[in-house]
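Q: Following is a predicted model, sequence given first.
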There are 4 protein chains.
Amino acid sequence: MMPEKETVQDDGVVETVIAEVKAANPVLVCGLPGSGYVGKLAADHLVSLFDAKKVAEYACDSFPPQVNVKEDGTVEPIKAQVFYAPVGEGRSMLVFTADAQPTTSEGEYELSDAVVDYAKRNGVKEVYTLAAYITGSFSTEPKVYGAATSKRMLEAVSSKGATLMKGGGISGMNGLMIGVAALRGLEGACLLGETSGYLVDAAASKSVLEVLSKLVGFPIDTEKLKEKAEETQKVINQLQGMSEEAREAAAQPRRETRPGYIS
Amino acid sequence: MMPEKETVQDDGVVETVIAEVKAANPVLVCGLPGSGYVGKLAADHLVSLFDAKKVAEYACDSFPPQVNVKEDGTVEPIKAQVFYAPVGEGRSMLVFTADAQPTTSEGEYELSDAVVDYAKRNGVKEVYTLAAYITGSFSTEPKVYGAATSKRMLEAVSSKGATLMKGGGISGMNGLMIGVAALRGLEGACLLGETSGYLVDAAASKSVLEVLSKLVGFPIDTEKLKEKAEETQKVINQLQGMSEEAREAAAQPRRETRPGYIS
Amino acid sequence: MMPEKETVQDDGVVETVIAEVKAANPVLVCGLPGSGYVGKLAADHLVSLFDAKKVAEYACDSFPPQVNVKEDGTVEPIKAQVFYAPVGEGRSMLVFTADAQPTTSEGEYELSDAVVDYAKRNGVKEVYTLAAYITGSFSTEPKVYGAATSKRMLEAVSSKGATLMKGGGISGMNGLMIGVAALRGLEGACLLGETSGYLVDAAASKSVLEVLSKLVGFPIDTEKLKEKAEETQKVINQLQGMSEEAREAAAQPRRETRPGYIS
Amino acid sequence: MMPEKETVQDDGVVETVIAEVKAANPVLVCGLPGSGYVGKLAADHLVSLFDAKKVAEYACDSFPPQVNVKEDGTVEPIKAQVFYAPVGEGRSMLVFTADAQPTTSEGEYELSDAVVDYAKRNGVKEVYTLAAYITGSFSTEPKVYGAATSKRMLEAVSSKGATLMKGGGISGMNGLMIGVAALRGLEGACLLGETSGYLVDAAASKSVLEVLSKLVGFPIDTEKLKEKAEETQKVINQLQGMSEEAREAAAQPRRETRPGYIS
């Protein structure tokens, strides 16, 4: 892995390659913000756990037109990123995540294309996306649902503990990316953690990572997610002690509790 | 017909030619998902009945950004397809259908352009689109309405049993495609099956195919659609035995009854 | 004027020049569908009155994705058109109208650019747009309001009987086109006929054409619009004899009374 | 500064350079229309106070498709502009403002890119944007909040009297532009004036300019904004003497009180 910098513009997406990867037998794992932040929490956990290095960055002109402000007051443009980490025994992992999903169909397709193309150039053959399966009710042991681009992947997903989906659709980039992967000749699977949809759900993230670990064949420590999940469980317990009205008022996604400013 | 593979990108549409067609005197028949799935059911029926082969595929970045999950758990990117079948006596048919319609005007125009251009390159001179004419009430013998790009086609449509439309507009690709066909010097007609708009309506699909068969001059067996239509009729009978409230609650399009997951 | 045919594509707009114009001292008059069809009725009246010839046609991929059906059942793609007519004494007129306005900002700007560019190439120095000034109440003698791109035009508009606007904005292509004209170095004025906004309003169209006639200095016979206006007045009289509820139900734009079909 | 004229088109944005700037140590200050017109009022005040000259103009096809009408009846296309003024002692200022913000994400990104690129070419190293921090209640001494692209800028912003933001997001171009500035290697800060969000708020504009003056190190006289703020305060006093219903009805943004016309 030697440092380098290169920018390629395609339509509304600008790719900046930050470091060249000599990835050994890499898989691509994707988790973007969505319901319950299931995929995003899981992806962030992987980056932190494996101390993954940022290797590519994406700007997209259909990201929400805003900047995010961090807790110390510094602002960050909305972007998507690929991180890289070796995972032992001649294996490696690329993790794709973003601050937000694009706001248009065109943007979602263009960003998916750019990232799948990047992954393919770097030797990826399997793409895993992590998503939410919304049930509307709270579960202490969230199930994991699965769907995949091939019978072979589907059997793997099923044999590692995921319940196969039986129809319907998976919306947004966490679904779209395995579709785009299939169009480019890669295999893909989506793991969806059962979640209420009301709260940031680290328990669901933990569940999908446990299935992912068995699928990719390297260990993923989920201890830190367990701690976050326990905090969320306390909130759920409080909610369940409330009247229905109070519960509705309180059960807003925590990440969306923002002060009232716009420009 | 010799196997080949070729991809052309134009704006947001990517065309992949899967097999070269030596089509004899071909017509293009189009049926995309819309109200009552009238056109889509009819197009799928033609593909199955004539054992038509897939000859071209279209990806479009304004398709809904999602993947569809089949009953066995495998996922499919949203795409549009052209199928080909000889229909006897030096005649042949191209069938155009899709998993969904594009979500923007630009996407609908671009995809229509690409498919009409493909048809023209392959010798098509007449384009038929199959659509729904929504009435809001149930009909046991759905009428077929028609509109066309020329007086000649209009007379043909009328003489084969369709009631001519007397103004208004036909929205979506099932209308747009004959407009685009006309802009490219082809002739086109739209056959619209009378439907309530509340249920997937195989009876309406059967009616439009019966008129189409007379127009194109080759037989189209509609027995299988008759069976589906009878199932739907049972649902209608049940609905008509219900109170109005119960009926409203029940009379949702069946294809939209999806489990509650998103990513 | 010698027959010719030429197509130029720019972004989402395709221009087809149908006949080369040797226009003598031409003005461009624009009237597109909008509230009360004030501008569209006026433009159609000019085309019919001066027996103007179609000289250019525009397709635009942000037009509504549909086809219109005429009273005899033939379908027409949505398009915009420029017509040409000499108006006597070394003067001529180009009339720009369309079946619909584009559905996106980008489309409105692109189509305006294309048509203003066409006009400029053909020697146009002044652009007049005809629009509606919505008041919400019925008027038997509709006033005409005016706005313009220069003090000189503004004085002309005012001296010919239009009341000058005193701020605000003019939305849609009937406003945008004089803005684009100004950006390209042409002068422009918008004449807005006072209208209720509830009915197709030929009386408002008649009023704006009467002011236009004085501005451009050639006579415009408005007798046929007077007849249409009298029909509308009968509808208004009926409405004013009704209860408020009945009036609201009845007072829908007549052009939008379409049978219930979509595809 | 020698007069020149040059037009560059990039996607949907057209840049016209009106005069070449030999700017000495310039800063870029941006204020676009948004809640309370806080940023727009402040930017217009700077242009007027320093008698700044227009040096660049931007058209954008995702601006609202309309023209604005001035009080004398002349119309203006929607545009964005950069103004230039020396501010003494080998320093200068570029002010960026617009009649409206683009209506799409793509437009906001493209226009931000074009203007940041222009600023960079002209030697700008620091970008300040002026925006609103909506509280929903009236304040006689509006606080100023701040966020910045670097720790260094953040400390400067804090030391000059702004309260640092502690998370969240800043929507629209007044936020986006410092994000884009950061992507291009410039530093940026956003100053947000506390405002109710109900009225055009010159007091908030005055507050942000007072902090800006300390940051950029040249004096900014805010006397005229003080007069405007006093007028607004009278309106607030009247509102506070009203019943809640009357207040709600009255407390609409004053700039949106337009007569009822569209085209």
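A: On my side now, so go ahead. Numbers count the residues shown, from 1 in each chain, chains lettered A, B, ... in the order given.

Q: wait, does stretch A:20-38 contact chain D?
A: No: using C-beta under 8 Å from any C-beta of the partner chain, we find that stretch A:20-38 stays clear of chain D, coming within 12.7 Å at best. (C-beta placed from N, C-alpha, C; glycine too.)

Q: gap between that stretch and the chain center?
A: Its chain's C-alpha centre and that of stretch A:20-38 lie 7 Å apart, by C-alpha atoms, centre = their mean, to the nearest Å.

Q: Now it - C-alpha only, CSV.
A: What follows is stretch A:20-38 as a C-alpha-only set of coordinates in CSV (Å, rounded to 0.1, in the frame of the first residue of the first chain):
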residue,chain,number,x,y,z
GLU,A,20,-3.1,2.5,-3.6
VAL,A,21,-4.2,-0.8,-2.1
LYS,A,22,-2.4,-4.1,-2.6
ALA,A,23,-5.4,-6.0,-1.2
ALA,A,24,-5.1,-9.7,-0.6
ASN,A,25,-8.3,-11.5,-1.5
PRO,A,26,-10.6,-8.6,-0.5
VAL,A,27,-14.3,-8.5,0.3
LEU,A,28,-16.3,-5.3,0.1
VAL,A,29,-18.6,-4.6,3.1
CYS,A,30,-21.1,-1.7,2.7
GLY,A,31,-23.2,0.1,5.4
LEU,A,32,-24.8,3.4,4.7
PRO,A,33,-27.1,5.5,6.8
GLY,A,34,-30.7,4.2,6.7
SER,A,35,-33.4,3.1,9.1
GLY,A,36,-32.0,2.5,12.6
TYR,A,37,-28.5,3.3,11.3
VAL,A,38,-28.1,-0.5,11.3
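
Q: Do you know the pLDDT at residue A:249?
A: pLDDT recorded at residue A:249 is 53.

Q: Low-confidence regions, the stretch 151-263 of chain A specifically.
A: A:242-263 (pLDDT under 70).

Q: At the contact with chain B, which residues of it appear?
A: A:151, A:154, A:157-158, A:164-176, A:178-180, A:182-183, A:188, A:190, A:192.

Q: Helices of chain A, residue ranges please.
A: A:38-49, A:105-121, A:151-159, A:173-183, A:202-216, A:223-240, A:244-250 (DSSP state H).

Q: For residue A:15, which of these is the nearest?
A: helix A:105-121 (5.5 Å; C-beta to C-beta).

Q: does the closest one come close to chain C?
A: No: for helix A:105-121, no contact with chain C is found by C-beta under 8 Å from any C-beta; the gap never falls below 12.5 Å.

Q: Just the angle for that helix relative to helix A:173-183, thanks.
A: 50 degrees (axes from the mean of the first three to the mean of the last three C-alpha atoms, to 10 degrees).

Q: Enumerate the positions of helix A:105-121 that are buried.
A: A:105-116, A:118-120 (16 or more other C-beta atoms under 10 Å in any protein chain shown).

Q: Specify which member of the residues you listed is nearest to chain D.
A: Using C-beta to the nearest C-beta, residue A:107 is the member of these that lies nearest chain D, at 7.8 Å.

Q: In space, what's closest to the closest one - neighbours in sequence excluded?
A: Among residues not flanking residue A:107 along the chain, residue A:62 sits closest, at 2.9 Å (C-beta to C-beta, 6 or more residues apart in numbering or on different chains).

Q: separation between residue A:26 and residue A:126?
A: 9 Å (C-beta to C-beta, to the nearest Å).

Q: Quickly compare the helices of chain A and say which is most buried.
A: helix A:173-183 (a mean of 28; mean count of other C-beta atoms under 10 Å in any protein chain shown).

Q: Off-centre distance for that helix?
A: That offset, for helix A:173-183, works out to 13 Å (C-alpha atoms, centre = their mean).

Q: Run the contact check for it versus chain D.
A: No: using C-beta under 8 Å from any C-beta, helix A:173-183 stays clear of chain D, coming no nearer than 15.6 Å.

Q: Just name the closest of the buried residues of helix A:105-121 to residue D:138, please.
A: Of the buried residues of helix A:105-121, the one sitting nearest to residue D:138 (C-beta to C-beta) turns out to be residue A:107, at 39.1 Å.

Q: circling back to that earlier point, and of the helices of chain A, who's closest to residue C:52?
A: helix A:105-121 (39.2 Å).

Q: Just list what that closest one packs against, helices and strands only.
A: Contacts defined by 3 or more C-beta pairs under 8 Å, 6 or more residues apart in numbering or on different chains; DSSP states H and E place helix A:105-121 against strand A:3-10, strand A:13-19, strand A:26-30, strand A:53-60, strand A:80-88, strand A:91-98, helix A:173-183.

Q: ok, back up a step: which of the helices of chain A sits closest to residue C:96?
A: Nearest to residue C:96, of the helices of chain A and by C-beta to C-beta, is helix A:105-121 at 30.0 Å.

Q: from the chain's centre, how far out does that closest one sit?
A: With C-alpha atoms, centre = their mean, you get 15 Å for helix A:105-121.
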